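In: Have a look; sequence and predicted model below, questions after that.
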Amino acid sequence: MPAPNAITPEKLARLVASVGAPHIIDLRDTPEKAIPGSLFPDHSDPIRWGYGARSAAVIIDADGGGAAASAAAILRSEGVAAEVLEGGFAAWTASALPTVSLDHLPPRHEDGRTWWVTRARPKVDRIACPWLIRRFVDPEARFLFVAPGEVLTVATQQRAEPFDVADEGVFWSHRDERCTFDVMVEAFGLETHKPLVRLAAIVRGADTDRLDLAPEAAGLLAISLGLSRIYNDDHAQLEAGMAVYDALYRWCRDAQGEKHNWSSHQPARGKVPA
């Protein structure tokens, strides 16, 4: 049983990448790996982090010691439901839970966010990749959608990381038979996280016209094309698409074994006694 105002690694793992996930605040200096979805405050005063009352946060340090406990206590005094990770990052890794490699993380802007740029009118990869980044890498990432010929110019002007662009100088793009989502899963060190591996096959099938890779690929393609016709605004489409990938990820993580038909959820009929 965790200490008061603490959460176990296993319980936090169930919240990571979920719609209602708490703010995961990592206080460690220059970490190479992190818990998926972590944020890294640029100053030491928790009150200045800007998390309002009625929000939730989990504070991470190396071993669950005083730094996390102190920050969590200050946040609770501001009305934030703040907990520390029991045992800190060391306990997370000891439990063999997923981590994100920060080696390829782009430099952050003055607003503390990573900026990314890609082609306008997204379909599959250009919605799947922002979902992966926001849920696992940088929850506050900013995405810019521009005309295909403007991606590299905007990337240079705005110091935004280009992705899903056919250019030899772009790191985040298709490689051989893999789509950009595959490349991101691998580069961020998430290739052993089985739910994402399953989701990557679905995305790859839908994005590269290989619908035989996963039965769900055809459905994802149909939904993606439908969303692109519902929304003229790329950011509105991204927000709608986030829900699609949230649902697919939870199916990959928790519901692959569940079946559904006309009778699967009917109430059981009791036998009439003789």
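Out: Arrived safely.
In: so where's the protein shaky on pLDDT?
Out: Residue ranges of the chain with pLDDT under 70: 1-2, 264-274.
In: repeat that with 80
Out: Counting by pLDDT under 80, the ranges of the chain that qualify are 1-3, 262-274.
In: So which residues of it form helices?
Out: Shown for the chain, the helices assigned by DSSP state H span residues 9-15, 66-77, 88-94, 125-132, 151-158, 180-187, 194-207, 217-230, 234-250.
In: Identify whichever of these lies nearest to Asp42.
Out: helix 66-77 (14.0 Å; CB to CB). Backbone N, C-alpha and C define where each C-beta goes, glycine included.
In: CA atoms only: put the closest one into CSV for me.
Out: Extracted as CSV, the C-alpha positions of helix 66-77 are listed here (Å, rounded to 0.1, in the frame of the first residue of the first chain):
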residue,chain,number,x,y,z
GLY,A,66,12.3,15.1,-0.6
ALA,A,67,12.2,17.1,-3.8
ALA,A,68,9.1,15.4,-5.1
ALA,A,69,7.4,15.4,-1.7
SER,A,70,8.1,19.1,-1.2
ALA,A,71,6.7,20.1,-4.6
ALA,A,72,3.6,17.9,-4.2
ALA,A,73,2.9,19.5,-0.9
ILE,A,74,3.1,23.0,-2.3
LEU,A,75,0.8,22.1,-5.2
ARG,A,76,-1.7,20.6,-2.8
SER,A,77,-1.8,23.9,-0.9
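In: For Trp262, which of the helices of the chain is the nearest?
Out: With CB to CB as the yardstick, what comes closest out of the helices of the chain is helix 217-230 (19.9 Å).
In: Only the buried residues of stretch 219-230, if you could.
Out: Leu220, Leu221, Ile223, Ser224, Leu227, Ser228 (16 or more other CB atoms under 10 Å).
In: For that stretch, give me every contacting residue.
Out: Stretch 219-230 is contacted by residues 121-124, 127, 202-203, 205-206, 211, 237, 240-241, 244, 248 when judged by CB atoms under 8 Å, 6 or more residues apart in numbering.
In: Can you select the buried ones from those residues in ChimeraX?
Out: Only the buried entries of the contacts of stretch 219-230 go into this ChimeraX selection, using 16+ other CB under 10 Å:
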select :122,123,124,127,202,203,205,206,211,237,241,244,248
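In: hang on, the earlier thing: out of the buried residues of stretch 219-230, the closest to Asp164 would be?
Out: Using CB to CB, the buried residues of stretch 219-230 come closest to Asp164 at Ser224, 13.4 Å.
In: biggest separation within the buried residues of stretch 219-230, which pair?
Out: Leu220 and Ser228 (12.6 Å).
In: Take the buried residues of stretch 219-230 and lay them out in JSON lines including distance to Lys11.
Out: Below are those laid out as JSON lines (distance: CB to CB, whole Å):
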{"residue": "Leu220", "distance to Lys11": "30"}
{"residue": "Leu221", "distance to Lys11": "36"}
{"residue": "Ile223", "distance to Lys11": "32"}
{"residue": "Ser224", "distance to Lys11": "33"}
{"residue": "Leu227", "distance to Lys11": "33"}
{"residue": "Ser228", "distance to Lys11": "38"}
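In: Tell me the one of these nearest Asp254?
Out: Of these, the one sitting nearest to Asp254 (CB to CB) turns out to be Leu220, at 18.0 Å.
In: Give me the distance between that closest one and Ala81.
Out: 35 Å (CB to CB, to the nearest Å).
In: do the same with Asp209
Out: 46 Å.
In: Of these two, which one has the most company?
Out: Using other CB atoms under 10 Å as the criterion, Asp209 and Ala81 rank with Ala81 on top: 16 against 9.
In: Isn't the more buried one up against Ser55?
Out: Yes: contact criterion CB atoms under 8 Å: Ala81 and Ser55 qualify, at 7.1 Å.
In: so what's in contact with these two at the same time?
Out: Pro22.
In: so what's the residue nearest to the spatial centre of the chain closest to, chain neighbours aside?
Out: Centroid-nearest residue in the chain: Arg135, 1.5 Å away (criterion: CA atoms, centre = their mean). With sequence-adjacent residues excluded and distances taken as CB to CB, 6 or more residues apart in numbering, Arg135 is closest to Ala17, at 4.2 Å.
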